[in-house]
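Novice: Need a 3D model of the sequence below.
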Amino acid sequence: MEDRRWNLDALYTGYESDAYKKDVQRLSATVAELSAFADALSHENEAATLKKILESLNGYFELARKLESYVGLRASVDITDPVTKAEMTRNDKIMTGLAKASAKFDHYIASVADLEALISGDPYIAEHAFFLREIKENSRYKKSDEVEEVISRLGLTGSNAWGELQAHLTSTLEVSYRGETITLSQVRNLAYSNDPEVRKDAYEAELKAYDKIKDSSAFSLNSIKGCVNDLCELRGYESPLQMTLLQSRMQKETLDAMFGAIRKYLPRFRAYMRRKAEVLGHKNGLPWYDMFALLGTSKQEYTVEESRALLVEQFSTFSRDLTAMIERAYDEAWIDFTPRKGKAGGAFCANLPFLDQSRILTNFDGSLSDCVTLAHELGHAYHGQQIAGHKPLNTDYTMPVAETASTFNETVIMQAAMRAASSKEERLMLVESALSDLNQVVVDIYSRYLFESEVFERRNSAFLFPKDLEDIMLRAQKQAYGDGLDPEYLHPCMWVCKGHYYGAGLNFYNFPYAFGALFARGLYARYLSEGEAFVPKYRELLKATTVSTVEEVAKMAGIDITKESFWEQSLEVVSGMIDEFFELTK
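Specialist: Numbers count the residues shown, from 1 in each chain. Predicted structure coming up:
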């Protein structure tokens, strides 16, 4: 397949460019200026001081994110590059120098006598109202300026370094497959092969390859989860989950409602898996290696340009500004398509709101699933477009709503493709492909949530060796998948390859996918009932995600996500698809 890579020149043309060198110097100078400013904070004129804090931080974050994005993007496509590693280490060290000043700014904001009066008295301050109120509300979990600085500095050589080790191990892992040496991304992509023997051999080769890195990965995971447990205790959080929910601007009531509804519908997903197993000739449930096997005769493969044509055609029925952005993404080389050694596995989108652009990494291999992945990541890019008008301090959305636009995109493209299906076999392929994806973001995500919950709990009192982690993973998969999967062919090493477990500042990065999948389907139902009138509301909703709680965002669409009934409505639509799958596979 054609090797299509992204172009990062809109950020910098290289580490040796004058623009990059000047910005690194400017970053150091800015950190020094902000540190001096933080040391001289006074309550004498709080309005002027608060405004200067906001203006200074906005300038800093735009600069820091530009540098961080460039280095991070280069690292993601060549994890072994020593120059990039050196640049990342140097820049990270500069940025951690702001930790003490940042803590002082937070403490100052929290100590302002009448914050609401300052918000109502100045338009610029008012524009940051949500940001300021959130800092004041979360101030009880902050430690002293000195302690915050130590925590930030230790993260570089502690939890962050362990996460980088996992990324290095998985991106450079050599897998022996049928006498050839291939990458982990390549062998995992073979799960979508039309050949059942290829799928099984790839699954076995993948599991065997993990033996090389599972010990190191276990040490990484233990170190990160142990660090998070310690920080939660130090800061006064009840648990890592409570900390994550606060960071997600999401109520526990919402999470409980979603998982309560999911548990009610797990039998329907298990029925789907058992029927798929029967179609593929299995008698004891679906083996893991056939989870992504495509059914139906329309097994079309797509070139990069064909994927573009598909996406533009399908999204043209929804919104012209979205299709225009997709065309920009292809024309301006926002996307790094093909897998190669040293490149990170999976897919992600990095929003660059200061450029009104994004960059997308994917490991495209030509399948319909790869096209759906592109649609998913382009949804993130579309979300980034809606928040580009915010000030830099107002451009962070939380994990749950982060998956809203991406999953909405998936729904749009799959529904459009189903409507256009010209035969029963093509319809079967599309319905089953959609159910396969939903099975991942609902059932597999539930298993990942169970796994991470137990890891956090047990890590408080014990080190978890690879065998322990495999045991936890298998029990979590059995609890979630039930008799839908063949118990002899599960995936005990899913904890090794999923980078979502290895971010100390991003815990429980699992339930947002289920949230996004089901919330997006609720929004899609509104789109179907309201038509074009829904699109402007949708844009405003996405724009509000950075300055609202998830419950407030949902209310903008007339949805109460704290009730199981909403989640059940979305799952009932999925149940209807499972009924159709049974009919199509008679």
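Novice: How many residues are close by the closest residue to residue 280 other than its chain neighbours?
Specialist: Nearest residue to residue 280, sequence neighbours excluded (C-beta to C-beta, 6 or more residues apart in numbering): residue 290, at 5.4 Å. To be clear about C-beta, it is placed using only N, CA and C from the backbone, and glycine gets the same treatment. Neighbourhood size, residue 290 [other C-beta atoms under 10 Å]: 22.
Novice: Go ahead and confirm residue 290 touches residue 277.
Specialist: Yes - counting by C-beta atoms under 8 Å, residue 290 touches residue 277, with 7.3 Å between them.
Novice: Show me where the stretch 51-200 of the chain has its strands.
Specialist: Shown for the stretch 51-200 of the chain, the strands assigned by DSSP state E, counting those that start in this stretch span residues 174-177, 180-183.
Novice: How about the chain?
Specialist: Listed in chain order, the strands of the chain (DSSP state E) span 174-177, 180-183, 335-336, 348-352, 357-361.
Novice: So in the protein, where's the weakest helix or strand by average pLDDT?
Specialist: Least confident helix or strand, the chain: helix 145-157 with a mean of 76, by mean pLDDT, DSSP states H and E.
Novice: still on that earlier bit, okay if I get the strands of the stretch 51-200 of the chain as a markdown table plus mean neighbour count?
Specialist: Formatted as a markdown table, the strands of the stretch 51-200 of the chain follow (neighbours: other C-beta atoms under 10 Å):
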| stretch | mean neighbour count |
| --- | --- |
| strand 174-177 | 16 |
| strand 180-183 | 16 |
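Novice: With distance to residue 118 added, can I get these in TSV?
Specialist: TSV is the format used below for these (distance: least, C-beta to C-beta, whole Å):
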stretch	distance to residue 118
strand 174-177	58
strand 180-183	54
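Novice: With mean pLDDT and distance to residue 425 as extra columns, can I get those in JSON lines?
Specialist: Below are the strands of the stretch 51-200 of the chain laid out as JSON lines (pLDDT from 0 to 100; distance: least, C-beta to C-beta, whole Å):
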{"stretch": "strand 174-177", "mean pLDDT": "96", "distance to residue 425": "30"}
{"stretch": "strand 180-183", "mean pLDDT": "94", "distance to residue 425": "31"}
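Novice: what's the spacing between the nearest residue to residue 479 once chain neighbours are set aside and residue 514?
Specialist: For residue 479, ignoring the flanking residues on the chain, the nearest one in space by C-beta to C-beta, 6+ apart is residue 450 at 5.9 Å. Distance of residue 450 to residue 514, given as C-beta to C-beta, to the nearest Å: 12 Å.
Novice: Just want to know which of the two has more residues nearby.
Specialist: Between residue 450 and residue 514, counted using other C-beta under 10 Å, the more crowded position is residue 514 (28 against 20).
Novice: The more buried one touches residue 446, doesn't it?
Specialist: Yes - Residue 514 lies in contact with residue 446 (C-beta under 8 Å); the separation is 7.0 Å.
Novice: Which neighbours do the two have in common?
Specialist: Residues touching both residue 514 and residue 446 (C-beta atoms under 8 Å, 6 or more residues apart in numbering): residue 262.
Novice: Next, the contact list for the residue nearest to residue 280, please.
Specialist: Here residue 290 is in contact with 196, 199, 200, 276, 277, 280, 282 (criterion: C-beta under 8 Å, 6+ apart).
Novice: swap in residue 316?
Specialist: Shown in contact with residue 316 (C-beta under 8 Å, 6+ apart): residue 323.
Novice: 10 Å instead?
Specialist: 322, 323, 324, 326, 416 (C-beta atoms under 10 Å, 6 or more residues apart in numbering).
Novice: So what does it have for phi and psi?
Specialist: Backbone torsions of residue 316, given as degrees, to the nearest 10, read phi -60, psi -20.
Novice: That one and residue 163: what is the separation?
Specialist: In terms of C-beta to C-beta, residue 316 sits 40 Å off from residue 163.
Novice: quick one: pLDDT of residue 370?
Specialist: With respect to pLDDT, residue 370 scores 89.
Novice: Just confirm it contacts residue 301, I think it does.
Specialist: Yes - with contact defined as C-beta atoms under 10 Å, residue 370 and residue 301 form a contacting pair (9.2 Å).
Novice: Tell me who's in contact with residue 157.
Specialist: Residue 157 makes contact with residue 89 under the criterion C-beta under 10 Å, 6+ apart.
Novice: what residue of the chain is the furthest out?
Specialist: Here the chain reaches farthest from its C-alpha mean at residue 44, the gap being 42.9 Å by C-alpha atoms, centre = their mean.
Novice: how deep is the closest residue to residue 139 other than its chain neighbours tucked in, by neighbour count?
Specialist: Excluding its sequence neighbours, the residue lying closest to residue 139 (C-beta to C-beta, 6+ apart) is residue 110, at 3.5 Å. Using other C-beta under 10 Å, residue 110 is surrounded by 16 other residues.
Novice: Please apply the same query to the one 10 residues further on.
Specialist: Applying other C-beta under 10 Å, we find 12 residues neighbouring residue 120.
Novice: circling back to that earlier point, wouldn't the residue nearest to residue 139 be in contact with residue 50 here?
Specialist: No - applying C-beta under 10 Å, one finds residue 110 not in contact with residue 50, separated by 11.7 Å.
Novice: Find the residues that touch each one of the two.
Specialist: Residues touching both residue 110 and residue 50 (C-beta under 10 Å, 6+ apart): residue 132.
Novice: Correct me if wrong: residue 115 contacts residue 133.
Specialist: Yes - using C-beta under 10 Å, residue 115 makes contact with residue 133 at a distance of 7.3 Å.
Novice: So which of the two has more stuff around it?
Specialist: In terms of neighbours (other C-beta under 10 Å), residue 115 is the more surrounded of residue 115 and residue 133; the figures are 19 against 14.
Novice: List the residues that contact that one.
Specialist: Contact partners of residue 115, counting by C-beta under 10 Å, 6+ apart, are 46, 50, 109, 125, 129, 132, 133, 135, 136.
Novice: which parts of the least confident helix or strand of the chain are buried?
Specialist: 145, 148, 149, 151, 152, 155 (16 or more other C-beta atoms under 10 Å).
Novice: Make CSV out of these and add distance to residue 403.
Specialist: Shown next, in CSV, are these (distance: C-beta to C-beta, whole Å):
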residue, distance to residue 403
145, 35
148, 30
149, 33
151, 28
152, 28
155, 25
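Novice: mind listing the helices for the stretch 51-200 of the chain?
Specialist: Secondary structure of the stretch 51-200 of the chain (DSSP state H, counting those that start in this stretch): helices at 82-96, 99-111, 115-121, 123-126, 129-138, 145-157, 159-172, 184-189, 196-209.
Novice: could you dump those helices to CSV with distance to residue 235?
Specialist: Listed next are the helices of the stretch 51-200 of the chain as CSV, based on distance: least, C-beta to C-beta, whole Å:
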stretch, distance to residue 235
helix 82-96, 18
helix 99-111, 12
helix 115-121, 22
helix 123-126, 27
helix 129-138, 10
helix 145-157, 9
helix 159-172, 14
helix 184-189, 35
helix 196-209, 38
